[in-house]
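Enquirer: No letters, just coordinates:
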């Protein structure tokens with residue numbers, strides 16, 4: 001339609017007051033259909049018809065549309081009714097930086113916890129749990145080559161034991177200690193591994209990190225904090241077949257609880273500290289039987305600590321998934337220390353444990369008995385004779 005309001009079939013020029021200068025072919029049928037609107041001299045209607053012309057003309061390049069006549073996206077004024085959508089690039093689907101660990105990623109089917117996923121749970125036909133598997137680099141694998149000792153009083157885990165101690169109270173020797181509550185808040189994790197990745201008993205080289213706080217509360221005295229030990233360590237681990245070994249460093253420091261210092265100011269606080277190098281070995285003669293032992297030498301000692309320590313024990317526990325019913329377990333740990341004239345303590349645990357299909361981690365409930373040196377190193381030169389009930393989650 002020209003400036004006089006008449007149609008021009010085939011080509012059409014839009015007035016300058018619409019800020020568009022383009023020649024676009026308009027099919028005759030479309031022009032005749034929109035003639036009543038155009039005669040109304042409505043600029044908004046003119047703009048709408050022009051947009052339709054652009055669309056219809058652009059769908060058929062053979063009808064005379066020239067791409068060079070369309071305004072580039074960057075030159076469109078915001079708010080313009082003829083503005084075209086901006087084109088944005090999608091984010092890249094391939095890595096843009098270095099791939100540190102190059103390992104295969106396989107799509108696994110989605111299923112419930114009781115189904116079987118290849119390489120992600122125990123097989124139905126339990127063959128050899130120690131069979132060699134491919135080794136490759138892994139960052140933060142889900143399981144451990146060298147696990148914490150189940151009955152070790154100073155092993156990192158999450159656990160809590162409420163017990164009755166029949167020995168004399170460290171603060172008031174004229175009475176028994178009675179009911180006490182020991183809790184461990186910590187864990188052990190694998191940081192880097194070159195090795196296999198089964199559900200349990202992986203093999204290879206591994207760097208671990210461990211840490212825990214061991215605290216003692218007194219339920220008979222407003223749940224006051226009696227003492228707390230703090231441990232941090234870095235084990236370097238190697239495992240092949242049924243045998244595992246570790247070379248580790250750990251720091252352990254003991255502290256008297258603040259409430260205890262206020263209520264018993266005459267009690268001599270011990271600044272017990274150990275920075276220790278440990279060499280440990282673990283062996284599974286049977287799938288459900290573990291034997292272990294380790295020796296430690298502290299290169300820094302304080303508060304009565306002396307360099308040498310020894311630890312050994314055994315564990316009998318189901319190596320495969322237990323199901324909802326669980327399975328029994330038995331664990332025994334003994335420790336000997338130089339500062340105690342090679343005395344120490346022995347800890348026995350027995351109860352029920354659960355292990356899932358997709359993890360080596362354990363949840364345990366059971367009975368604990370400990371006799372010998374107090375495992376809270378603030379009271380290392382006092383003896384305990386205690387029994388109680390505990391709950392543990394082992395990494």
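Expert: Noted; the coordinates are in hand. Values in this document were obtained by computation on a predicted structure and should not be read as measured data.

Enquirer: what does the domain assignment say about the chain?
Expert: What automatic domain parsing lists as the domains of the chain is 10-73, 136-394.

Enquirer: what's the most buried one of these?
Expert: Ranked by mean neighbour count, those are led by domain 136-394 with a mean of 18 (mean count of other Cβ atoms under 10 Å). Bear in mind the C-beta positions are built from the backbone N, C-alpha and C, glycine included.

Enquirer: Quick check: mean pLDDT of it?
Expert: What domain 136-394 shows for mean pLDDT is 95.

Enquirer: Between the two ends of that domain, what distance do you get?
Expert: Using Cα to Cα, to the nearest Å, the gap from the first to the last residue of domain 136-394 comes to 26 Å.

Enquirer: Assign a three-state SS to residue 388, would you?
Expert: When classified by DSSP: H, G, I helix; E, B strand; the rest coil, residue 388 comes out as strand.

Enquirer: Just to check, it is in contact with residue 162?
Expert: Yes. Residue 388 lies in contact with residue 162 (Cβ atoms under 8 Å); the separation is 5.3 Å.

Enquirer: returning to what we had before: any chance of the domains of the chain in JSON lines, plus distance to residue 129?
Expert: Shown next, in JSON lines, are these (distance: least, Cβ to Cβ, whole Å):
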{"stretch": "domain 10-73", "distance to residue 129": "62"}
{"stretch": "domain 136-394", "distance to residue 129": "5"}
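
Enquirer: I'd guessed residue 361 sits against residue 395; true?
Expert: Yes. Between residue 361 and residue 395 there is a contact at 6.0 Å, judged by Cβ under 8 Å.

Enquirer: For residue 159, give me phi and psi.
Expert: phi -160, psi 160 (degrees, to the nearest 10).

Enquirer: Return the residues in contact with the closest residue to it other than its chain neighbours.
Expert: Excluding its sequence neighbours, the residue lying closest to residue 159 (Cβ to Cβ, 6 or more residues apart in numbering) is residue 392, at 3.9 Å. Residues counted as contacts of residue 392 (Cβ atoms under 8 Å, 6 or more residues apart in numbering) are 150, 157-159, 362-364, 366.

Enquirer: do the same with residue 373
Expert: If you count contacts by Cβ under 8 Å, 6+ apart, residue 373 has them with 335, 337, 340, 343-345, 380-384.

Enquirer: go again using 6 Å as the cut-off
Expert: If a contact means Cβ atoms under 6 Å, 6 or more residues apart in numbering, then residue 373 has 340, 344-345, 380 as its contacts.

Enquirer: what about it, distance to residue 314?
Expert: Residue 373 is 20 Å from residue 314, where distance means Cβ to Cβ, to the nearest Å.

Enquirer: Ramachandran angles for the residue nearest to residue 240 when sequence neighbours are not counted?
Expert: The shortest distance from residue 240 to any non-neighbouring residue, by Cβ to Cβ, 6+ apart, is to residue 203 (5.3 Å). Per-residue torsions, residue 203: phi -130, psi 150 (degrees, to the nearest 10).

Enquirer: Just list the residues touching residue 203, thanks.
Expert: 195-196, 239-240.

Enquirer: Apply 7 Å and report the result again.
Expert: The contact partners of residue 203, by Cβ atoms under 7 Å, 6 or more residues apart in numbering, come to 145, 195-196, 239-240.

Enquirer: Would you mind measuring from it to residue 217?
Expert: Distance, residue 203 to residue 217, using Cβ to Cβ: 40 Å.

Enquirer: Checking my notes, the residue nearest to residue 159 in a strand, right?
Expert: Yes. Assigned with three-state DSSP, residue 392 falls within a strand.

Enquirer: and it, bridged to which residues?
Expert: residue 159, residue 364 (DSSP bridges).

Enquirer: Kindly reformat the contacts of residue 392 as JSON lines containing distance to residue 292.
Expert: Shown next, in JSON lines, are these (distance: Cβ to Cβ, whole Å):
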{"residue": "150", "distance to residue 292": "10"}
{"residue": "157", "distance to residue 292": "15"}
{"residue": "158", "distance to residue 292": "21"}
{"residue": "159", "distance to residue 292": "18"}
{"residue": "362", "distance to residue 292": "16"}
{"residue": "363", "distance to residue 292": "21"}
{"residue": "364", "distance to residue 292": "17"}
{"residue": "366", "distance to residue 292": "19"}
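
Enquirer: Much appreciated, bye for now.
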